[in-house]
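Enquirer: Okay, sequence plus prediction incoming.
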Amino acid sequence: MQPSSKTSLKARSGSGVYQLMRLFSALCLFILPLNAMARSESASGTAAEIASPDGKIRVSVESIDGKPGYRVFYQQKPVIAFSRLGLDFADIPDLAEDLKIASSQHSQHDSTWTQPWGEEENIRDQHHELRVVFKSIHDDEREMTVTFRVFNDGVGFRYEIPQQNGASGVKIMDELTEFSFHDNLKAWWIPAYQDNRYEYQYAQSSVDSLDVIHTPATFEATDYALSIHEAALVDYASMALRRPAMHGQTLKADLVPWADGVRVYATLPVKTPWRTIQIAEKAYQLADSRLILNLNEPNKLGDVSWVKPGKYIGIWWCMHIRTCTWETGENHGATTDNAISYIDFAAKHGFDGVLIEGWNIGWDGNWYENGELFRFAEPTPDFDIEKIAAHSRKMGVPIIGHHETSANIQNYEAQLDAAFAFSAKHGMRAVKTGYVGTRLDHKEWHHGQYMVEHFSKVMETAARYKIAINAHEPIKDTGLRRTYPHMMSREGARGGEYDAWSHAAQGNHPDHTTILPFTRMLAGPMDYTPAIFDLRFGPNEDNGVSSTLAKQLALMVVLYSPLQMAADLPENYEGHPAFQFVKDVPADWSESRALDGRIGDYFVMARKDRASDDWYVGAISDEEARQIPLSLDFLEPGVRYQATRYQDGASAHWLHNPQPVEILEDKVTADQSLMLDLRPGGGQAIRFTPLP
């Protein structure tokens, strides 16, 4: 794998064969029927086509020499060349070759649904659907259906395998799905099958240099960008992407295997997760896509009024900077007195919860290796849960519980019901789960079917007790929060805690958070833990966060989480003028718009409060200083707003002088613009409040 680079990468010029392939793909645009998406009849043949509602994205599904595959075109340009489809099994004949298109059927859909919480309240689901039935050329015993849904912001497709060959249970040994890029795009990626799961800084390289990577992964050309991921991951292995040897610009689905080598154990009939390709003209526009959510099933829980978004603080950061400990002793963080103090601070300043880690039996000794010692309904002797829970109810600030498993799934599942019953009894509105460890139960990958099934058990149990989940070291987000709205937030990337353990120049690079909106955040909310105010700490104050203070404020807008943590210590907030933004900014939005950005350089996001007419803007930069013009045309026309701006001080610098922040007041309207002055590693956070 190649290391990250800030320099642009040249696309492959190509051999003569490659140029002929490009010419063939371009000709297909004009040969394929333009009105395919409007047909509703069933037909057989060697190809079928569908287009997005706005006509900008087109998909051709084909069988070439008995091999099923597809192509994708964007704005009349080929972006995905012919790419294989199919599945290999251990116990029934494969569905990969000697297949013909037996029939195809088109349909259309257009509706709007409402999120109970989220980055957008009302989401339009408008797509055209193509269902293609592949059958064996020689007989009708082998059959699969591939369903394509084409939206204005991308494509989703999945396999449906009916019962066949007398089999009920099957072992999927490989998924042949390919993504064969027409151009040698610039890729932004993190490695798969590594000890730290998804917790890596993103690298940049060309597609033809990749090995095996996680999704979502984002790919960029000069005139378009796309991201590959999956939606509705249920009872299946998660998908990584592997570049087969000698395959140049092709990436193939790599299902994370069980310890015995089987990729997926399935019962027929089976529907796989959706494979997704989000497409936009400019990379920052990918952040406005709701395709992942639209490919998930509607809410299955019914009344979810008990699922409440909000901001929280916690006995957590002190453990990472080692001013307190998870384990018991004189510096134990999770004591009765500390918990009550945090609850009082939260009540005083309007926070919606207090996370407490290290409250239960199991943290003493080498907890990383001894996950079987954790007890999830047994507090430590210095943590009076009855007294704390009573004070929590009195002050109206719920506790957020914490279940660290140390990757010992069997121990956790044996206590799962008792753990959530204990949490519900003591008024916990949410639980943060954790799976620190290299292999689950010392043998399974974090990202295989084993973990997917475990997460389903946790979600089901939490729902019975009306408790929300904030998962760390999770299985990646694939939009299941639509179906199960109590699955609120996840880590699933390298978060702010890495800055606590390192010299300021060795933690998360300043460009890390300018890459996340284009990559990890496309999957769903992230518990990044922003809003650190004391940016230098440690014995010599040489450890610290690779950010200015203003950027920490902006991250509360840029990196969305419905359970948004203000991660610093209470004493670092008390009396600080910038703390007002932390108190003001909501965690639930009616509308979100990505306004500008370049991957790894900068990003600007605007969001509208669901509970008022206020708008908020967050803008962040990498290690470079920038001036970014901000058009205010997202504001309501004809309304004057008070703009309260928290910007970097003139001398602010992420490494040398991170603290300076200036607070400015402006009166603005939608037809004006502002110039955002971002210092190196800096940011700006703005609240727009309508004036009477």
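Expert: Looks like it arrived, so ask away.

Enquirer: my guess is residue 637 meets residue 672, correct?
Expert: No. Assessed by CB atoms under 8 Å, residue 637 is found out of contact with residue 672, at 11.5 Å. (Glycine included, C-beta is placed from N, CA and C.)

Enquirer: which one of these two has more residues nearby?
Expert: residue 672 (15 against 8; other CB atoms under 10 Å).

Enquirer: Please name the residues that touch the more buried one.
Expert: Taking CB atoms under 8 Å, 6 or more residues apart in numbering as the contact definition, residue 672 lies against residue 632.

Enquirer: ok, now residue 452?
Expert: 233, 234, 235, 236, 237, 238, 475.

Enquirer: Now do the same for it: helix, strand or coil?
Expert: Judged by DSSP: H, G, I helix; E, B strand; the rest coil, the three-state class of residue 452 is helix.

Enquirer: so residue 589 touches residue 121, yeah?
Expert: Yes. Look at residue 589 against residue 121 with CB under 8 Å: they come within range, at 7.4 Å.

Enquirer: Need the overlap of contacts for these two.
Expert: residue 610.

Enquirer: If you count surrounding residues, which of these two has more?
Expert: residue 589 (24 against 16).

Enquirer: tell me the contacts of the closest residue in space to the more buried one that isn't next to it in sequence?
Expert: Counting by CB to CB, 6 or more residues apart in numbering, residue 607 is the residue found nearest to residue 589 once chain neighbours are left out, at 4.5 Å. By CB under 8 Å, 6+ apart, the contact set of residue 607 is 119, 557, 560, 589, 591, 592, 593, 615, 616, 617.

Enquirer: most surrounded residue in these?
Expert: Within the contacts of residue 607, most neighbours by other CB under 10 Å means residue 557, with 28 neighbours.

Enquirer: Could you confirm that one falls within a helix?
Expert: Yes. If the criterion is three-state DSSP, then residue 557 is within a helix.

Enquirer: Tell me how far it lies from residue 389.
Expert: Counting by CB to CB, to the nearest Å, the separation of residue 557 from residue 389 is 33 Å.

Enquirer: circling back to that earlier point, specify the beta-bridge partners of the residue nearest to residue 589.
Expert: Beta-bridge partners recorded for residue 607 (DSSP bridges): residue 592, residue 616.

Enquirer: Quick check: pLDDT value at it.
Expert: Confidence at residue 607, expressed as pLDDT, is 98.

Enquirer: what's the helix or strand for residue 650?
Expert: Using DSSP states H and E, residue 650 sits in no helix or strand.

Enquirer: Count the neighbours of the nearest residue to it once chain neighbours are set aside for me.
Expert: Leaving out its chain neighbours, the residue that sits closest to residue 650 by CB to CB, 6+ apart is residue 660, at 7.3 Å. If you count neighbours by other CB under 10 Å, residue 660 ends up with 17.

Enquirer: doesn't residue 648 make contact with residue 660?
Expert: Yes. Counting by CB under 8 Å, residue 660 touches residue 648, with 6.7 Å between them.

Enquirer: Are there residues contacting both of the two? Which ones?
Expert: Shared contacts of residue 660 and residue 648, counting by CB under 8 Å, 6+ apart, come down to residue 548.

Enquirer: Would you mind listing where the stretch 51-200 of the chain has pLDDT under the threshold?
Expert: Within the stretch 51-200 of the chain, no range satisfies pLDDT under 70.

Enquirer: Okay, strands next: where are they in it?
Expert: Along the stretch 51-200 of the chain, counting by DSSP state E, counting those that start in this stretch, strands occupy 57-64, 67-74, 77-84, 87-89, 99-114, 122-136, 143-151, 154-161, 169-175, 178-180, 186-189.

Enquirer: Now do residue 670: how many residues are near it, please.
Expert: Per other CB under 10 Å, the neighbour tally for residue 670 reads 17.

Enquirer: residues touching it, list them.
Expert: 632, 633, 634, 635, 636, 637, 638, 639.

Enquirer: Same question for residue 216.
Expert: By CB under 8 Å, 6+ apart, the residues touching residue 216 are 227, 228, 229, 519, 520, 522, 523.

Enquirer: What separation do you get for the spatially most central residue of the chain and residue 164?
Expert: Centroid-nearest residue in the chain, with CA atoms, centre = their mean: residue 523, separated by 3.0 Å. Distance from residue 523 to residue 164, counting by CB to CB: 33 Å.

Enquirer: same thing with residue 84?
Expert: 20 Å.

Enquirer: Can you pull the poorly scored residue ranges out of this structure?
Expert: Scanning the chain for pLDDT under 70 picks out the ranges 1-45.

Enquirer: got the contact list for the residue nearest to residue 650?
Expert: Contacts of residue 660 (CB under 8 Å, 6+ apart): 548, 549, 648, 649, 650, 651, 652.

Enquirer: go on, residue 671?
Expert: Taking CB under 8 Å, 6+ apart, we find residue 671 in contact with 632, 633, 637.

Enquirer: With residue 267 instead?
Expert: Taking CB under 8 Å, 6+ apart, we find residue 267 in contact with 168, 169, 170.

Enquirer: which of those count as buried?
Expert: Among the contacts of residue 267, those buried by neighbour count (16 or more other CB atoms under 10 Å) are residue 170.

Enquirer: Which parts of the stretch 401-550 of the chain are strands?
Expert: 430-434, 468-471, 487-490, 536-537, 543-544.

Enquirer: now those as a markdown table including mean neighbour count?
Expert: Below are those laid out as a markdown table (neighbours: other CB atoms under 10 Å):
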| stretch | mean neighbour count |
| --- | --- |
| strand 430-434 | 24 |
| strand 468-471 | 25 |
| strand 487-490 | 26 |
| strand 536-537 | 18 |
| strand 543-544 | 22 |
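
Enquirer: Please produce a markdown table containing those, extended by distance to residue 395.
Expert: Formatted as a markdown table, the strands of the stretch 401-550 of the chain follow (distance: least, CB to CB, whole Å):
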| stretch | distance to residue 395 |
| --- | --- |
| strand 430-434 | 17 |
| strand 468-471 | 20 |
| strand 487-490 | 22 |
| strand 536-537 | 29 |
| strand 543-544 | 33 |
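
Enquirer: And the contacts of residue 216, which of them are buried?
Expert: When the contacts of residue 216 are checked for burial by 16+ other CB under 10 Å, the buried set is 227, 228, 229, 519, 520, 522, 523.

Enquirer: and which of those residues is nearest residue 189?
Expert: Distance to residue 189 across the buried ones among the contacts of residue 216 (CB to CB) is lowest for residue 519, with 8.0 Å.

Enquirer: where's the closest one relative to residue 304, distance?
Expert: Residue 519 is 29 Å from residue 304, by CB to CB.

Enquirer: What of residue 158?
Expert: 26 Å.

Enquirer: What are the boundaries of the strands in the stretch 251-400 of the chain?
Expert: For the stretch 251-400 of the chain, the strands defined by DSSP E, counting those that start in this stretch cover 264-267, 270-271, 274-280, 310-315, 354-356, 399-404.

Enquirer: The ones you listed: which one's closest to residue 643?
Expert: Smallest distance to residue 643 across the strands of the stretch 251-400 of the chain (CB to CB): 21.9 Å, for strand 310-315.

Enquirer: CA atoms of that closest one as CSV?
Expert: Extracted C-alpha coordinates of strand 310-315, given in CSV (Å, rounded to 0.1, in the frame of the first residue of the first chain):
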residue,chain,number,x,y,z
GLY,A,310,-28.8,15.4,22.9
LYS,A,311,-25.4,16.4,24.2
TYR,A,312,-23.6,14.8,27.0
ILE,A,313,-20.4,15.1,29.1
GLY,A,314,-18.6,12.3,30.8
ILE,A,315,-16.1,10.8,33.2
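
Enquirer: tilt between it and strand 430-434?
Expert: Interaxial angle, strand 310-315 versus strand 430-434 (axes from the mean of the first three to the mean of the last three CA atoms, to 10 degrees): 60 degrees.

Enquirer: show me the contacts for the residue of the chain most remote from its centre.
Expert: What lies farthest from the middle of the chain is residue 138; by CA atoms, centre = their mean that is 43.3 Å. Neighbouring residues of residue 138 by CB under 8 Å, 6+ apart: residue 98.
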